[in-house]
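Engineer: Build me a structure from this.
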Amino acid sequence: MNLARPRIRRRTAAALVALAATTAVAVGAGASQADTAAPQTRQIASSVLGADYKITLTALRSTEDEYAASVRLQVFTRADGAWKESDRVTVGDVDGWFWYPLTGRGAVCRFSTAGTEPAPLTVSLLLTPSLGCSEPADYVVEQGRVYAG
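Structural biologist: Next comes the predicted model:
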């Protein structure tokens, strides 16, 4: 009978328990750090209208639901040689989009702008690959402010 084998099993089991406890602590620490971190963002579209306006669409990942996201439409005007935000609106509902389709290939179905004053703006985004694109949302940018179109 080999008495060394049970000792090896006990040591292996103790090592696995210690590893599991360390992993649980590390995962818990990562979760608490993630809760306090700024939401993950990704710019999904951008357009510059002459020297007047720069318009961006940015996906903001939800801090409450890892699969949800919001979309922020920002308007920038040129001031002192730099782009400065002049207005922003949320496209659709807060956390009303799905993060992965919104940040993947083909996420922007339609993003049309025109360099006129007022500047018409239309946005349509991918809901999911199976559902297709959202209904177009129309806006107007006038003197650096965004209005529903």
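
Engineer: And the strands in this protein, which stretches?
Structural biologist: 41-49, 53-61, 68-79, 82-91, 97-98, 108-113, 119-128, 132-133, 137-142, 145-148 (DSSP state E).

Engineer: what's the most buried one of those?
Structural biologist: strand 97-98 (a mean of 24; mean count of other CB atoms under 10 Å). C-beta: built from backbone N, CA, C; applies to glycine.

Engineer: Show me what that strand is packed up against.
Structural biologist: Contact partners of strand 97-98 among helices and strands, from 3 or more CB pairs under 8 Å, 6 or more residues apart in numbering; DSSP states H and E: strand 68-79, strand 119-128.

Engineer: follow-up on the earlier one: export the strands of the chain to a markdown table and tack on mean pLDDT?
Structural biologist: A markdown table is the format used below for these (pLDDT from 0 to 100):
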| stretch | mean pLDDT |
| --- | --- |
| strand 41-49 | 95 |
| strand 53-61 | 96 |
| strand 68-79 | 96 |
| strand 82-91 | 96 |
| strand 97-98 | 97 |
| strand 108-113 | 96 |
| strand 119-128 | 96 |
| strand 132-133 | 96 |
| strand 137-142 | 95 |
| strand 145-148 | 94 |
